[in-house]
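Enquirer: Have a look; sequence and predicted model below, questions after that.
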Amino acid sequence: MALLSCSDALELVASKMSALPPNSATERISLGAARGRVLAHSITADRDQPPFPRSTRDGFAMQAADATATMQLIGAIRAGEQWTGPPLQPGQALEIMTGAPVPQGADAVVMVEHVTTEGTTLTLQPGRTLRAGENIVPRAAEARSGDVLLQPGVSIGAAEIALAASVGAAQVTVFAQPLVAVLATGDELVALDETPDAMQIRNSNSHALAALVQEHGGTARVLPPAADTRESLHAAITGARDAAMLVLSGGVSAGKYDFVEDVLLSLGAEFFFTGVAMQPGKPAVFGRIPATPEHPDQWIFGLPGNPVSTQVTALLFAMPMLRALAGEAAAKPSFAQATLTVDVKVKPCLTRFLPARIDSSLTGATVQPTGWQGSGDLNANARANCYLVVPPDATNLQPNDIVTVLLRSR
Ligand SMILES: Nc1nc2c(c(=O)[nH]1)N[C@H]1C(S)=C(S)[C@@H](COP(=O)(O)OP(=O)(O)OC[C@H]3O[C@@H](n4cnc5c(N)ncnc54)[C@H](O)[C@@H]3O)O[C@H]1N2
Ligand code: MOO
């Protein structure tokens with residue numbers, strides 16, 4: 001299969017994501033445990049929001065038309081209280097705190113800084129005027145009782161938790177987290193608690209992938225690494241068939257011992273791409289083992305073994321698919337724009353993802369590559385906090401160019 005362009009590969013994964021059947025497995029959990037989960041039902045307003053005309057300032061409630069006159073103070077009201085006196089009459093003002101309900105008869109609130117008071121007499125400072133509605137959020141201006149506030153498919157973060165809490169949703173129904181089998185391959189790999197021989201290396205990819213899976217809303221089942229033999233791969237892949245997604249690392253390039261694709265084919269897999277015109281990540285494989293009576297489709301990502309390649313291709317292709325399997329409606333890789341601060345020269349034809357640091361402030365974001373020794377350089381990768389995307393037709397990016405970066409955060 002020919003190399004697919006990076007943008008075509010992204011579109012292909014997105015098209016498979018959009019054709020997924022809805023995630024039907026749900027569970028009910030407490031709101032406090034819902035961060036990072038995907039909402040499976042809609043959350044509606046249990047009453048108008050705000051439930052009363054809310055003062056947005058500490059000040060004095062009155063009729064705006066009266067604001068030129070000297071007024072009589074008739075009382076005070078705090079957040080959480082209700083004015084029990086008669087509706088305000090022209091010429092009357094009521095001291096009011098931020099968040100308190102504006103009493104009937106008043107249509108504006110003047111800020112405490114903008115008046116002078118003497119005993120029960122209140123006067124607007126010279127030149128101050130007041131509009132009807134000023135410093136008041138009318139009842140139901142934010143939402144009406146019964147309005148849908150959060151749709152199914154929303155990823156739950158602090159903002160969603162606050163909104164759910166505001167309508168009393170102590171329990172929420174979320175989609176079950178998809179099971180993702182993580183399988184590193186390679187005879188050279190040893191586990192963290194083993195001492196590597198001189199030519200062996202520690203298996204870091206399984207740990208990186210498990211962390212990414214957790215971060216993107218899946219449950220990771222890390223399998224013992226498979227040896228570079230057909231038999232070992234066959235046994236490991238077959239044993240993981242119950243997982244919704246299988247993410248492998250290594251064994252997908254042109255080497256004599258790269259058997260991942262062969263073994264997947266022998267297990268009935270179909271491939272959507274087996275190489276992408278990108279660097280790092282060129283040998284990346286995306287496919288599916290079709291559904292059987294026992295198991296639904298299993299989505300397969302055969303990621304290149306070089307650790308930076310593994311992480312870039314996981315972020316670009318596998319994690320969005322995981323989030324879509326988890327029921328998230330807007331799953332996609334996270335890109336941003338930044339101003340490049342240095343010269344970047346690359347060879348054309350491949351989309352590059354260079355480890356880089358983005359530094360953002362109130363006025364925008366700048367980015368510069370960290371420098372690296374290629375796609376095995378875990379140090380450069382950890383010094384970076386994003387990847388500078390160099391399009392396939394660019395060979396020389398200049399300082400002040402506006403460039404795209406692939407973010408690690410969602
Ligand atoms: N003749 C060619 N050789 C290579 C090509 C090519 O097109 N033609 N592609 C290169 C590219 S690009 C990449 S990326 C790598 C990918 O190779 P594999 O996916 O087959 O991965 P391996 O060969 O198994 O390993 C590559 C590299 O990564 C280290 N590795 C593997 N697994 C882990 C792990 N779990 N934790 C840490 N490090 C891991 C492994 O030791 C190798 O150093 O192929 C190029 N070659
Ligand atoms: O695509 Mo590879 O990831 O250059 O090392």
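Expert: The structure has been received and is ready for your questions. Numbers count the residues shown, from 1 in each chain. Ligands and ions are numbered 1, 2, ... in the order given.
Enquirer: For the protein, list the residue farthest from the centre, please.
Expert: In terms of distance from the mean C-alpha position of the chain, Gly119 ranks first, at 54.5 Å (Cα atoms, centre = their mean).
Enquirer: Now do the same for it: its pLDDT.
Expert: pLDDT for Gly119: 94.
Enquirer: now it: how far from ligand 1?
Expert: For Gly119, the distance to ligand 1 equals 78 Å [Cβ to the nearest ligand atom, to the nearest Å]. Using the backbone N, CA and C atoms, a C-beta is placed for each residue, glycine as well.
Enquirer: From ligand 2, how far out is that residue?
Expert: Counting by Cβ to the nearest ligand atom, the gap between Gly119 and ligand 2 amounts to 78 Å.
Enquirer: For Gly153, which residues are in contact?
Expert: Going by Cβ atoms under 8 Å, 6 or more residues apart in numbering, Gly153 touches 38-39, 327-330.
Enquirer: so which two of these are the farthest from each other?
Expert: Spatial extent of these (Cβ to Cβ) is set by the pair Leu39 and Ala330 at 12.1 Å.
Enquirer: More neighbours: which of the two?
Expert: Neighbour totals were compared for Leu39 and Ala330, and Leu39 leads with 25 against 10 (other Cβ atoms under 10 Å).
Enquirer: follow-up on the earlier one: can I get the contacts of Gly153 in a markdown table including distance to Val247 and pLDDT?
Expert: Formatted as a markdown table, those follow (distance: Cβ to Cβ, whole Å; pLDDT from 0 to 100):
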| residue | distance to Val247 | pLDDT |
| --- | --- | --- |
| Val38 | 19 | 97 |
| Leu39 | 25 | 98 |
| Gly327 | 19 | 96 |
| Glu328 | 17 | 96 |
| Ala329 | 22 | 94 |
| Ala330 | 22 | 88 |
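Enquirer: Return the closest of those with respect to ligand 1.
Expert: Distance to ligand 1 across those (Cβ to the nearest ligand atom) is lowest for Glu328, with 27.2 Å.
Enquirer: Which strand residues bridge the residue nearest to the closest one when sequence neighbours are not counted?
Expert: Distances taken as Cβ to Cβ, 6 or more residues apart in numbering place Val38 nearest to Glu328, at 4.9 Å, with adjacent residues excluded. Val38 forms beta bridges with Ser155, as assigned by DSSP bridges.
Enquirer: residue contacts, Val38?
Expert: Neighbour list for Val38: 23, 153-156, 174-175, 217, 323, 326-328 [criterion: Cβ under 8 Å, 6+ apart].
Enquirer: Same question for Gln311.
Expert: For Gln311, the contacting residues are 208, 212, 381, by Cβ under 8 Å, 6+ apart.
Enquirer: pLDDT below threshold where in the protein?
Expert: Within the chain, the ranges that satisfy pLDDT under 70 run 1.
Enquirer: got the residues of the protein near ligand 1?
Expert: 184, 186, 188-189, 201, 203-206, 249-255, 258, 280, 282-283, 304-307, 309, 375-376 (Cβ under 6 Å from any ligand atom).
Enquirer: These in strands, which ones?
Expert: The strands, defined by DSSP state E, take in 184, 189, 201, 249 from the residues of the chain next to ligand 1.
Enquirer: any idea how far whichever residue of the stretch 51-200 of the chain sits closest to ligand 1 is from Ile201?
Expert: Residue nearest to ligand 1 within the stretch 51-200 of the chain: Ala184 (3.6 Å; Cβ to the nearest ligand atom). Computed as Cβ to Cβ, to the nearest Å, the Ala184 to Ile201 distance reads 11 Å.
Enquirer: In terms of neighbours, single out the busier of those two.
Expert: More crowded of Ala184 and Ile201, by other Cβ under 10 Å: Ala184, with 26 against 13.
Enquirer: what sits opposite that one in the beta ladder?
Expert: In beta-bridge terms (that is, DSSP bridges), Ala184 pairs with Ser249.
Enquirer: Ala208 is in contact with that one, correct?
Expert: No: Ala184 is not in contact with Ala208 according to Cβ atoms under 8 Å; the separation is 9.8 Å.
Enquirer: so where do the strands sit in the stretch 51-200 of the chain?
Expert: If DSSP state E, counting those that start in this stretch is used as the criterion, the strands of the stretch 51-200 of the chain fall at 54-55, 59-62, 70-77, 92-96, 108-111, 115-118, 121-124, 136-137, 148-150, 171-175, 179-184, 189-190.
Enquirer: contacting residues around the first one?
Expert: Under the contact criterion Cβ under 8 Å, 6+ apart, strand 54-55 has outside partners 61, 96-102, 109, 135-137.
Enquirer: No further questions, thank you.
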